[in-house]
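> Sequence and predicted structure are below.
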Amino acid sequence: MANKPLPVGVDNFEKLITEGYYFIDKTLLIQELLSIKGDVNLFTRPRRFGKTLNISMLQYFFEDARGADGKKTDNSHLFQGTKIMQAGEEYLSYMGQYPVISLSLKSTKQPDFHLAYQLLVRQIADEFRRHRFVMENLPEEQKKRYEDIIWEKADTGSVSDSIKFLSECLENYYGQKAIILIDEYDVPLENAFFEGFYKEMASLLRSLFESAFKTNSSLKFAVITGCLRVSKESIFTGMNNLKIFSILSKNYCEYFGFTEEEVKKICRDYGLEHKYTEAKEWYDGYIFGNAHVYNPWSIIRYIEDMMADNTAFPSAYWANTSSNSIVRTLIEQADDDTKEEIEELIEGKMVEKRIHEDITYDEVYNSMENLWNFMFFTGYFRKVSENMDSQGDLNAVFALPNKEVKYIFRTKILAWFDEKIKAKDRTRLFQAFLDHDAAILEEEISELLLETISFYDAYESFYHGFLSGILAGMKGYVVKSNREGGSGRSDLFVRPVTRRKEAFVVEFKTAKKFQEMEAKAEEALCQIEDRQYVRELNEDGYEKTGKYGIAFFGKDCLVKVR
């Protein structure tokens, strides 16, 4: 097992099996799909949780695959030894029996509607081209329509009806209704919202999906995947045959993402049993339905890195798969209550929010409630528990799922605050610092503390970064942190470029109670004296040295100076 290559970025089922990649068997998704018998099944999961690979697996299982000459291809060997092969003939009888239409809408992420439309047309044309052998059975008029789509000459009306038309052509050829698979259906919607053509894209997809799924007698069943359940009123208009399986659903919980046993097994298979606890802390924590789930993308990447270097540190792999701009937006739009809630989440506490799944991308930023919901359904929070209030609203208790997501929050908060600090006029703060004006310095620091979000689970490191950030940028001065000085380590040195001016040592303390702040600030000053922090400055030619003792308690500070 340990010799098998890890499937980093491999989302084609045939490639994964035939090229011998490590495989975690999710084939019983097929059994459950056939047992539940939904006409149109929408699966919503966070990005990089195995949606595309599962769509590919479904295609290879169900498709009566034909080559360009129309000759049948047997794909049953791909499933030898998998769990579905033990499920019984009632399920295996479906293998290789149906025409399949498979489309991915990932490529429609484009800067304007024209380009997005072109890429969608191209995806559809490729799928028509894959099935072009069916044209031999078509009358001339339909053959012409088919060729127009292949050559991307079809008008908008024909494109909107194209999936339904292809399924009709396939049923005519095979004598079997078609299975339709749509991967990442909401990528064009999310992109269109950010790029400013949401209405045009929503209208196009509404027409495409309505003809394919609502009024299509040639449809056997359909599977659609995406990150977010988009309101029925916006895309899936009037589709009473739509079954939605989100992260709240009890069905299909273990088929997207890795379960605990699967992660333990992959650690064993690669001789990394001792890394399991670390992997759990960083990448576990999701709850889909009743299943505890790990982030599969991050687990695979983590195992790959550990195999290369057993002493390597874990990374936030999922953080690098997109901009994570939604976290930045939450921070930027946060009022004081929301900032406090973010602080509690980072500290490891929980918050309770009303949850609802019917969100449209153009409504995500309309309210903080929509933003919280969007982030929950796309993987930034885990559900600890849920309840229904007296009004009949469903509420969920949220927490951050793991260290990886906490890292995303930390880095986005620090980047946001750094930009905010750079944009702020700190002239008054700098002058107060140089003038030894403790009162004004307290006022300026406290004002900045109110604007930011504290990392309460790491007070020392937070305040250290905070002070370094706000003091940086003084013209003619350099801020150095955690430098050796005397018999210990000072928190900050603020050195002027010229040694004719005064240099400063800054030491801070955190208080456990508000009433302890003055004593803590005094303790900081005494530490500077006792440990001779100024000696390094003196030895470097600075004759004049100022000393600051600063105490913090939450978002309050107290400054003492000598």
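Sure, I can see it.

> What lies in contact with the helix or strand where residue 529 lies?
Taking DSSP states H and E as the criterion, residue 529 maps to helix 517-530. With contact meaning CB atoms under 8 Å, 6 or more residues apart in numbering, helix 517-530 is reached by 488, 490, 505, 507-511, 533-534, 547-553, 556-560, 562. Glycine gets a C-beta too; all of them are placed from N, C-alpha and C.

> In the chain, which helix is the longest?
Among the segments of the chain that qualify as a helix by DSSP state H, the longest is helix 403-423.

> Residues touching it, excluding its own?
With contact meaning CB under 8 Å, 6+ apart, helix 403-423 is reached by 281-283, 285, 295, 298, 314, 316-319, 324, 327-328, 331-332, 342, 345-346, 379-381, 400, 448, 451-453, 455, 465, 469-470, 473.

> Okay, and which of those residues map to helices?
The helices, defined by DSSP H, take in 281-283, 298, 327-328, 331-332, 342, 345-346, 448, 451, 465, 469-470 from those.

> Which of the residues you listed has the largest number of neighbours?
residue 283 (30 neighbours; other CB atoms under 10 Å).

> Residue 298 is in contact with that one, correct?
Yes - at 4.4 Å, residue 283 and residue 298 qualify as touching, with contact defined as CB atoms under 8 Å.

> returning to what we had before: please put the alpha-carbon coordinates of the helix or strand that the longest helix of the chain is followed by into CSV.
Using DSSP H and E, the helix or strand that follows helix 403-423 towards the C-terminus is helix 427-434. Below are the C-alpha coordinates for helix 427-434, written out as CSV (Å, rounded to 0.1, in the frame of the first residue of the first chain):
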residue,chain,number,x,y,z
THR,A,427,0.9,60.8,13.4
ARG,A,428,-0.7,61.6,16.8
LEU,A,429,0.3,58.1,18.1
PHE,A,430,3.9,58.4,16.9
GLN,A,431,4.3,61.9,18.4
ALA,A,432,2.8,60.8,21.7
PHE,A,433,5.3,57.9,21.8
LEU,A,434,8.3,60.2,21.2
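
> Determine the set of other helices and strands touching helix 427-434.
If contacts are counted by 3 or more CB pairs under 8 Å, 6 or more residues apart in numbering; DSSP states H and E, helix 427-434 sits against helix 438-451.

> Go again with 10 Å.
Packing contacts for helix 427-434, counted by 3 or more CB pairs under 10 Å, 6 or more residues apart in numbering; DSSP states H and E, involve helix 438-451, helix 459-471, strand 477-481, strand 492-496, strand 503-510, strand 545-553, strand 556-561.

> Going by neighbour count, list what's buried in that helix.
For helix 427-434, a neighbour-count test (16 or more other CB atoms under 10 Å) marks 429-430, 432-434 as buried.

> quick one: that helix to strand 503-510, angle?
Going by axes from the mean of the first three to the mean of the last three CA atoms, to 10 degrees, helix 427-434 is angled at 100 degrees with respect to strand 503-510.

> pLDDT of helix 427-434, averaged?
For helix 427-434, mean pLDDT rounds to 96.

> Format the helices and strands packed on helix 427-434 as a markdown table; extra columns: distance to residue 261 and mean pLDDT.
As requested, the helices and strands packed on helix 427-434 are exported to a markdown table (distance: least, CB to CB, whole Å; pLDDT from 0 to 100):
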| stretch | distance to residue 261 | mean pLDDT |
| --- | --- | --- |
| helix 438-451 | 45 | 93 |
| helix 459-471 | 36 | 86 |
| strand 477-481 | 45 | 91 |
| strand 492-496 | 49 | 94 |
| strand 503-510 | 42 | 94 |
| strand 545-553 | 45 | 95 |
| strand 556-561 | 48 | 95 |
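
> Export those as a markdown table, with columns for distance to residue 192.
Below are the helices and strands packed on helix 427-434 laid out as a markdown table (distance: least, CB to CB, whole Å):
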| stretch | distance to residue 192 |
| --- | --- |
| helix 438-451 | 33 |
| helix 459-471 | 37 |
| strand 477-481 | 44 |
| strand 492-496 | 47 |
| strand 503-510 | 47 |
| strand 545-553 | 45 |
| strand 556-561 | 46 |
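
> which one of the ones you listed lies closest to residue 26?
For residue 26, the closest of the helices and strands packed on helix 427-434 is helix 459-471, at 40.1 Å, according to CB to CB.

> hang on, the earlier thing: quick one: which of the buried residues of helix 427-434 is nearest residue 480?
Of all the buried residues of helix 427-434, residue 480 sits closest to residue 433, with 15.2 Å by CB to CB.

> I'd guessed the closest one sits against residue 559; true?
Yes - here residue 433 reaches residue 559: they are 9.4 Å apart, a contact under CB atoms under 10 Å.
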